[in-house]
Each structure stands twice: as C-alpha cells, then as structure tokens.
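[1] Using only what follows, build the 3D model:
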Amino acid sequence: MNEERPFCVGGVDVKSMAARVRVAGLVVAYTALADATNACDAVDEVVVAADDWAGAKSLLRSCGYLGIPTRATSGRIPADAVGAALSDPGTVFRRRFRADTPWAPAEKRG
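    Modelled structure (predicted):
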C-alpha cells in the first residue's frame with residue numbers, strides 16, 4: 001500500500017472499487033478491502049450474494065474485513081466474481097487483489 005494514499009495498491013484506488021448488481025432477487029456485492037491482518041498490500045477482492053447491501057456488509061464484517069464502503073460506486077463486476085457469489089449465496093468469496101487465482105470461500109472470524 002502507498003503510505004500517502006493508504007487504500008492505493010499498485011496505482012489503483014481500491015476504495016473506489018465497490019460494485020453491486022442485482023441478479024435473481026439477490027444483490028451481488030464486490031469490492032477490494034484490507035484483509036483482517038491489515039498488513040501492507042494485504043488487499044483482497046471479495047464478493048458475496050446477499051439480500052441487500054447491508055446484508056453483504058454484515059457478511060463481509062463476519063470475515064474480518066475492514067473499511068467496507070457504505071454504498072456501491074459501480075455496477076461493473078467481473079463475470080467470474082458474479083458466478084462465484086451465485087454458486088453459494090451468503091458465502092463470502094475472496095482472492096488476492098489482481099491475482100489470477102480462483103475464488104475461494106473466506107474464513108469467518110471471531
């Protein structure tokens with residue numbers, strides 16, 4: 001992370017990456033967040049399907065994510081992220097920011 005811009009990773013402002021789409025009565029929420037370690041460059045892309053944005057935020061918090069945006073700023077979500085979220089609504093899926101890895105369920109915390 002950039003110390004002058006703490007939510008900037010590799011020149012990308014991850015705080016502006018919150019997105020939401022509605023599919024089959026569910027809200028698919030996608031964003032990039034600092035993981036529970038809050039270590040330098042410990043940023044995950046996360047996606048979850050929930051009843052609404054508030055429900056998605058609650059699910060993200062249960063996995064230890066911090067600084068969850070209060071609203072989406074976009075309606076653009078990668079197709080593979082939507083597919084992961086809809087494969088098991090209510091489960092938070094994660095992968096390292098800009099990694100070319102499959103989506104994996106995030107662990108619940110505390």
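[2] which residues pair with the residue nearest the centre of the chain across the strands?
    Taking CA atoms, centre = their mean, the centroid of the chain lies closest to Val46, which sits 2.5 Å from it. Taking DSSP bridges as the rule, Val46 bridges to Thr31, Arg94.
[3] Just the pLDDT for it.
    pLDDT recorded at Val46 is 94.
[4] isn't it right next to Ala106, touching?
    Yes - look at Val46 against Ala106 with CB atoms under 8 Å: they come within range, at 6.7 Å. (Each C-beta comes from the backbone N, C-alpha and C, glycine too.)
[5] Report the residue spans of this protein with pLDDT below the cut-off.
    Residues of the chain meeting the criterion pLDDT under 70: 1-16, 35-42, 110.
[6] what do you get if the cut-off is 80, keeping everything else the same?
    1-17, 34-42, 66, 110 (pLDDT under 80).
[7] which stretches of it form helices?
    53-62, 79-87 (DSSP state H).
[8] re earlier: overlap in contacts, Val46 and Ala106.
    Cys63, Tyr65, Val92, Phe93, Arg94 (CB atoms under 8 Å, 6 or more residues apart in numbering).
[9] Include neighbour count and distance to Ala34 when you put the residues you listed into a markdown table, please.
    A markdown table is the format used below for the shared contacts of Val46 and Ala106 (neighbours: other CB atoms under 10 Å; distance: CB to CB, whole Å):
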| residue | neighbour count | distance to Ala34 |
| --- | --- | --- |
| Cys63 | 22 | 12 |
| Tyr65 | 21 | 7 |
| Val92 | 27 | 14 |
| Phe93 | 24 | 17 |
| Arg94 | 22 | 12 |
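[10] From those, pick the one nearest Ala56.
    Nearest to Ala56 out of the shared contacts of Val46 and Ala106 is Val92 (CB to CB; 8.6 Å).
[11] So that closest one is in contact with Leu60, correct?
    Yes - at 6.0 Å, Val92 counts as touching Leu60 under the criterion of CB under 8 Å.
[12] Thank you kindly, that will do.
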